[in-house]
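1. sequence first, then the predicted structure:
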Amino acid sequence: MKPASWLMLAAIAASGSAFAQSYPAKPIRFIVGPGPDALARVIGQKLTDAWGQPVIIDQRGGGGGTISAEAVARAAPDGYTLLLATGTHTINPSMYKVSYDMVRDFAPVTLLASTPFILAVHPSVPVNSVGELIALAKAKPGALNYGSGGSGTPPHLATELFKTMAGVNIVHVPYKTVAAAITDLIAGQLQVMFTVGPAGLPQIRAGRIRGLAVSTAKRSVFAPELPTVAEAGLAGFEVFGWNGLLAPMGTPKPVIAKLHDEIVKALGLREVRERVATFGFEPVGNTPEEFG
């Protein structure tokens with residue numbers, strides 16, 4: 001490489017490091033959507049405590065998550081506009097026409113937290129295990145239905161994977177929201193559903209619906225009595241809900257590293273872990289490379 005090229009690379013690296021040293025010099029914006037913003041608020045407060053700069057929570061839930069993703073993809077790559085991403089954001093490009101590319105337009109910071117999906121049935125369904133549900137569905141193909149918060153959502157795709165691996169026919173009934181689907185599951189209008197952990201667990205504890213298994217590779221700390229779908233008979237089955245932090249592509253690596261390190265530090269605090277657990281999430285805090 002020519003000396004001039006070395007000098008240019010050195011100058012770029014130096015400018016990125018200098019920017020990171022002064023970062024953050026103004027408020028940071030977390031753009032959230034879809035889903036609740038509680039996790040963003042917990043992490044944002046810890047960043048404010050550490051750096052003395054406000055973290056503004058900007059809820060943009062429209063378009064099934066496309067509006068929030070597009071806003072961050074178009075933002076300046078300076079670490080001041082970040083996306084609280086979910087599995088829905090990664091699914092949308094394959095379902096709809098969007099103006100962004102999840103790989104090309106975003107730089108991973110860290111996976112903040114994950115949550116299991118819980119395979120649940122209405123109490124009137126005469127099954128108490130995954131194996132019994134599969135047997136019933138095979139005996140009565142098309143007689144059972146399941147709900148989700150909409151076509152293309154992670155619980156919908158989780159159930160379709162379950163159907164494929166189990167070789168059963170259960171009819172999909174999409175709803176506009178997860179809450180509406182759970183309401184009908186409780187009422188008996190639906191028979192089966194992969195519920196999001198935070199939404200489903202209270203209903204299971206109250207006996208309104210019956211939990212059969214969790215979708216994660218390991219048993220959940222929130223419902224250790226429930227087996228995983230894999231150990232209940234469908235080897236290799238693993239899906240989960242997640243929340244992670246993404247920055248616009250081109251954000252200086254030293255800034256990504258500074259964000260990552262402070263967030264992972266926050267996720268390691270007992271008070272934060274306990275607070276996140278109340279949302280039904282398990283803190284993660286992996287590296288940008290692992291998250292990417």
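-> That came through, no problem. Numbering: from 1, shown residues only.
2. going by C-alpha atoms from here, please, whenever you check contacts or count neighbours.
-> Will do.
3. next, name the residue at the spatial heart of this protein.
-> What sits nearest the mean C-alpha location of the chain, by CA atoms, centre = their mean, is W242, with 2.2 Å.
4. helix or strand for that residue, which one?
-> strand 240-248 (DSSP states H and E).
5. hmm, back to that, and the gap between the residue nearest to the centre of the chain and T48?
-> Counting by CA to CA, to the nearest Å, the separation of W242 from T48 is 23 Å.
6. that older thread, which residue is the nearest non-sequential neighbour of the residue nearest to the centre of the chain?
-> Computed as CA to CA, 6 or more residues apart in numbering, the closest residue to W242 that is not its neighbour in sequence is S114, at 4.2 Å.
7. which residues sit in contact with the one you found?
-> Contacts for S114 (CA atoms under 8 Å, 6 or more residues apart in numbering) come out as F240, G241, W242, N243, F281, E282, P283, V284.
8. hang on, L226 packs against S215?
-> No - under the criterion of CA atoms under 8 Å, L226 is not in contact with S215, lying 10.0 Å apart.
9. of the two, who's got more company?
-> For L226 versus S215, the count of surrounding residues by other CA atoms under 10 Å is larger for S215: 29 against 18.
10. what's the spacing between the more buried one and I57?
-> Distance from S215 to I57, counting by CA to CA: 30 Å.
11. tell me the pLDDT of M1.
-> We have a pLDDT of 50 for M1.
12. pLDDT wise, what is the residue nearest to the centre of the chain at?
-> The model's pLDDT for W242 equals 93.
13. give the contact list for it.
-> Contact analysis of W242 by CA under 8 Å, 6+ apart lists T86, G87, L111, L112, A113, S114, T115.
14. distance check, it against V121.
-> Going from W242 to V121 by CA to CA gives 23 Å.
15. next one: H172
-> Between H172 and V121 the computed distance is 14 Å (CA to CA).
16. with neighbour numbers in mind, choose between those two.
-> V121 (28 against 20).
17. partners of the more buried one in the sheet?
-> Beta-bridge pairing for V121 (DSSP bridges): V192, R210.
18. the stretch 101-250 of the chain: helices as residue ranges?
-> 130-139, 154-166, 178-187, 197-205 (DSSP state H, counting those that start in this stretch).
19. nearest to I28, out of those helices?
-> Closest to I28 of those is helix 197-205 (CA to CA; 27.6 Å).
20. next, the buried residues of that closest one.
-> G197, P198, A199, G200, L201, Q203, I204 (16 or more other CA atoms under 10 Å).
21. stretch 253-267 too?
-> Buried residues in stretch 253-267, counted by 16+ other CA under 10 Å: 253-264, 266-267.
22. and these, which is closest to I182?
-> Top of the list for closeness to I182, among the buried residues of stretch 253-267 and by CA to CA, is L267 at 30.1 Å.
23. pretty sure that closest one sits against E274.
-> No - counting by CA under 8 Å, L267 does not reach E274; the two are 9.8 Å apart.
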